[in-house]
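**Student:** Just a sequence and a predicted model for now, questions to come.
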Amino acid sequence: MDEAKTDEILAAPIKHIQALFSTNWVPGDTHWGEKHVFDQLLSDPTVRSKVPLLNTTDKDTIKPTQLVRIRCMIQDRLNTEYFPGLWKTTINGETNWKIGKYSDNMLEDIGDDHQEIFFDRACYYCVPIPGETDWVKEKLINDTSSASIDMAVQELQHTRRGVKRMRDDHDHETVQPFNNIEENLKKVKIDDPSAANSTTKSKVIDFNFPIPETEGQPIIVKVYDCDDMKFNEVIEFYGVLEQYSPEPIYTEGNLMWMSEEEMLVHHPPSSVISRLHAITHINLGEGNPIGIHEVSMEDVNLLECRMNIIQDLTSLTHDALLSEYLLCAMVSKVYSRVNAFTLGYFPVNIQVPHEFDKGSFGKVIEMALSRYLPKSVFIDVTLEKFNNEDFKLVPVQNHDSNRLQSGRLQLSNGTCVIIDETYLSSGTLNEHGLRNISALKYLCNFQKVTFDYGFHQIDFNTDYIMIIISASKSVILRENPACYNIKLENDADNDFLPISPELHKNIRKYIMYIRNMSPSELDGELAELVQDDFVNMRKANSDMQIGDLNMFLTLSRLLSISEGCQNTTKEHWERAKQLEGIRIERLSI
């Protein structure tokens, strides 16, 4: 497809879909090949970069009819909507079929004689990806194509004139395009019928972010081609922004029976929470903005990258052993679940000396890991926080508003979760505090987060990078025998040269490449050696269990992967035994 045609479709996707409908529609069909067309079009990274990214683009520069995209995490699924997907109009004797997909409104005169065919669409409440690190946000801004910005700026004046005409033509509608969200939040007021003298009570819309401090805006995405998206998935949606905020025609449940609170959650003003009609989407996996097409390890020396990141981590932590374990944690992924074992999981508990300032080393670890990982969440826990009703860790269904109230552990896979226990003191936990600490233990032990729906609970498998910092053995991980407990020691000189920005970029590519490798395998000869070594270990230490063998194997596999090796060798196994010997010896002191 030539560039001019591509730009034309990106500028007016609904016009192109109407043409596809006119050509391809067969009675009974709800799709007319539009997803296939846009999937092919957007398979080219250059074309994708032309589509304005709502996460980084000023909405005032976006033309109402153009294709846009947004990176987000699915936080909740709202009620399915039923809407007129097609309608037939007869005006002055001329009959036409129009599409109602990708819009909440029929802006044209439908005439006296009309027929409607209803479709359904899934509605998802999506939030900014929790824990995205600064370098990711900077890369997204830098990667925004200048072509998309130029195109939007050129159309801005025309867009504003068009919006004014729409206001004039539809006085009975409230058109609220791309207003400043802070200003709109100040204007959101809901009448409280129970209030005396018809007073008005102002209610602030809760964005329901898992991490309350997250910057950005939520969005309601209406999906037409897929209704099985999962909670916490990271998706890049491509579609068009809705310009109006009408009351929907039908949803699952009667609007007349919706409470004021439920209406505010499911149908908030579009000036505060926008709607996107998704034409297609891309599952981003862990959401790393470094695309596969950007990673060519032919130009990057894996062993050199490994050496550089170990040096950088050691310069910050002053502990070479810890740096090895942190790197293994950074590249670890859960690849299988067998009975009580979560294979590939690599939880690390860093035990800092009591003379360290509380919380100080946790910030060091957060800074060190967030340099290279795309998502990092820091949670410092105290007795008071655990007991505080506002400190929520797991998602809980709110039956009054019919929404899933998010918790801090509702994150996407690949997120690095750093938990700092150094402020934790002795005391009594209330019922809420017990639920919070139980949720953390369950996550750290089994890589699962429980969603509480009141009458029942559902476990969701997770794949987080878990780092726990404590003054002694972790309270949260105390019952987990498969945790790599490391007593911090200053065993390294801080004489490494600073890492350049270019090396930072290469290391990020290295991390992304390594995390996408398949789990390494043991060859037959090594498997026999491991078996013999384990027998000898048990003879020397009768407390050695099968779980300990799994820890040795997991470490040796991660050492292998960190070097870009698909097969674990004898050298990796011997290196793992050496590191584990040093780690265990430290704990005995």
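**Tutor:** Yep, that arrived.

**Student:** Any idea how many residues pack against residue 551?
**Tutor:** 18 (other CB atoms under 10 Å). C-beta: built from backbone N, CA, C; applies to glycine.

**Student:** again with the one 4 residues further on
**Tutor:** Other residues within reach of residue 555, judged by other CB under 10 Å, total 24.

**Student:** try residue 355
**Tutor:** Neighbours of residue 355 (other CB under 10 Å): 6.

**Student:** hang on, it in a strand?
**Tutor:** No - according to DSSP: H, G, I helix; E, B strand; the rest coil, residue 355 belongs to no strand; its state is coil.

**Student:** per-residue confidence at it?
**Tutor:** Note on residue 355: pLDDT of 78.

**Student:** got the phi/psi numbers for it?
**Tutor:** phi -80, psi -10 (degrees, to the nearest 10).

**Student:** Helices of the stretch 351-500 of the chain, residue ranges please.
**Tutor:** In the stretch 351-500 of the chain, the segments counted as helices under DSSP state H, counting those that start in this stretch are 360-370, 383-387, 431-446.

**Student:** Same question for the stretch 201-350 of the chain.
**Tutor:** 260-266, 302-317, 320-331.

**Student:** Pick the most deeply packed of the ones you listed.
**Tutor:** Among the helices of the stretch 201-350 of the chain, the stretch with the highest mean neighbour count (mean count of other CB atoms under 10 Å) is helix 320-331, at a mean of 22.

**Student:** Quote the end-to-end distance of stretch 443-462.
**Tutor:** Chord length of stretch 443-462, first to last residue, is 8 Å (CA to CA, to the nearest Å).

**Student:** I'd like to know which helix or strand in this structure has the lowest mean pLDDT.
**Tutor:** Lowest mean confidence among the helices and strands of the chain (mean pLDDT, DSSP states H and E): strand 200-201, at a mean of 34.

**Student:** ok, residue 303 to residue 564 distance?
**Tutor:** 8 Å (CB to CB, to the nearest Å).

**Student:** er, residue 279 I mean
**Tutor:** Distance from residue 279 to residue 564, by CB to CB: 38 Å.

**Student:** And these two? Which one has more around it.
**Tutor:** Using other CB under 10 Å as the criterion, residue 279 and residue 564 rank with residue 279 on top: 25 against 17.

**Student:** Next up, the contacts around that one.
**Tutor:** By CB atoms under 8 Å, 6 or more residues apart in numbering, residue 279 lies in contact with 13, 17, 34-35, 38, 67, 102, 224, 238-240.

**Student:** go with 10 Å
**Tutor:** 13-14, 16-17, 34-35, 37-39, 42, 67, 101-102, 223-225, 237-240 (CB atoms under 10 Å, 6 or more residues apart in numbering).

**Student:** And the residues you listed, which of them are buried?
**Tutor:** 13-14, 16-17, 34-35, 37-38, 42, 67, 101-102, 223-225, 237-240 (16 or more other CB atoms under 10 Å).

**Student:** Where does the prediction get shaky in the stretch 101-250 of the chain?
**Tutor:** Applying pLDDT under 70 to the stretch 101-250 of the chain picks out residues 106-114, 145-204, 244-250.

**Student:** switch to 50 and redo it
**Tutor:** 147, 152-202, 249-250 (pLDDT under 50).

**Student:** Can you give the distance of stretch 273-280 from its chain's centre?
**Tutor:** Chain-centre distance of stretch 273-280: 17 Å, with CA atoms, centre = their mean, to the nearest Å.

**Student:** And residue 128, how far from residue 272?
**Tutor:** 15 Å.

**Student:** mind listing the strands for the stretch 351-500 of the chain?
**Tutor:** Taking DSSP state E, counting those that start in this stretch, the strands of the stretch 351-500 of the chain run over residues 376-380, 396-398, 403-405, 416-420, 448-452, 457-461, 465-470, 484-487.

**Student:** Strand partners (parallel or antiparallel) of the fourth one?
**Tutor:** Read it as strand 416-420. strand 376-380 (parallel), strand 465-470 (parallel) (DSSP bridges).

**Student:** now do the third one
**Tutor:** Take DSSP bridges as the rule and strand 403-405 pairs in its sheet with strand 396-398 (antiparallel).

**Student:** and if you look at the last one?
**Tutor:** Each strand that strand 484-487 pairs with, and the sense of that pairing, follows from DSSP bridges: strand 348-351 (parallel).

**Student:** pLDDT weak spots in the stretch 351-500 of the chain?
**Tutor:** For the stretch 351-500 of the chain, no range has pLDDT under 50.

**Student:** picking that back up, so for residue 30, which of the helices of the stretch 351-500 of the chain sits nearest?
**Tutor:** Proximity to residue 30 (CB to CB) singles out helix 431-446 among the helices of the stretch 351-500 of the chain, at 40.2 Å.

**Student:** Please spell out which residues along stretch 465-481 are buried.
**Tutor:** In stretch 465-481, counting by 16+ other CB under 10 Å, buried: 465-471, 474, 476-477, 480.

**Student:** Please apply the same query to stretch 42-49.
**Tutor:** 42, 47-48.

**Student:** Of the residues you listed, which belong to strands?
**Tutor:** Using DSSP state E to define strands, no part of the buried residues of stretch 42-49 is located there.

**Student:** Go through the residues you listed and flag which are in helices.
**Tutor:** Counted as lying in helices by DSSP state H, out of the buried residues of stretch 42-49, are 47-48.

**Student:** Let me see the contact set for residue 338.
**Tutor:** Taking CB under 10 Å, 6+ apart, we find residue 338 in contact with residue 550.

**Student:** hey, what's it bridged with?
**Tutor:** Under the criterion used (DSSP bridges), residue 338 bridges to residue 341.
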